[in-house]
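>>> no letters, just coordinates:
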């Protein structure tokens, strides 16, 4: 099972990323990334990180699969804390790697990100 803890739900993933995840982990469970205010205190971020780590741990305990991971991408301090807590519990955490292709269009820079692979934290 792969828990997708990010602002990028799987219905927005390209075919390559989706096939890579399904072939390695089978089922994908969506866990939307929480809103983290830039004004949030360190303590508030720690509390949220603990809650989300516990949810991930419980979901993985219920998994029928031996191959489980959490795909986590988002606000850096929260992500760091969740990854730290999950790795402490021997849970694999991964990130998506992408190639950025930027083009200029009518004076604006438009970036497209193409999935390359998952990388373990």
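All right, it came through fine. The structure displayed is predicted, hence computed values, not measured ones. Numbers count the residues shown, from 1 in each chain.

>>> what segments of the chain are helices?
Per DSSP state H, the chain carries helices over the ranges 15-25, 42-62, 76-88.

>>> against residue 93, how distant is the most centrally placed residue in the chain?
Centrality entry for the chain: nearest residue to the mean C-alpha point is residue 72, 2.0 Å, by CA atoms, centre = their mean. Going from residue 72 to residue 93 by CB to CB, to the nearest Å gives 6 Å. C-betas here are computed from N, CA, C, even on glycine.

>>> now the common contact residues for the two.
Residues touching both residue 72 and residue 93 (CB atoms under 8 Å, 6 or more residues apart in numbering) are 82, 83, 121.

>>> ok, and the most crowded of those residues?
residue 82 (27 neighbours; other CB atoms under 10 Å).

>>> isn't that one right next to residue 56, touching?
Yes: between residue 82 and residue 56 there is a contact under CB atoms under 8 Å: 7.4 Å.

>>> what touches both of those two?
5, 70.

>>> how long is stretch 22-30 from one end to the other?
Start-to-end span of stretch 22-30 (CA to CA, to the nearest Å) is 13 Å.
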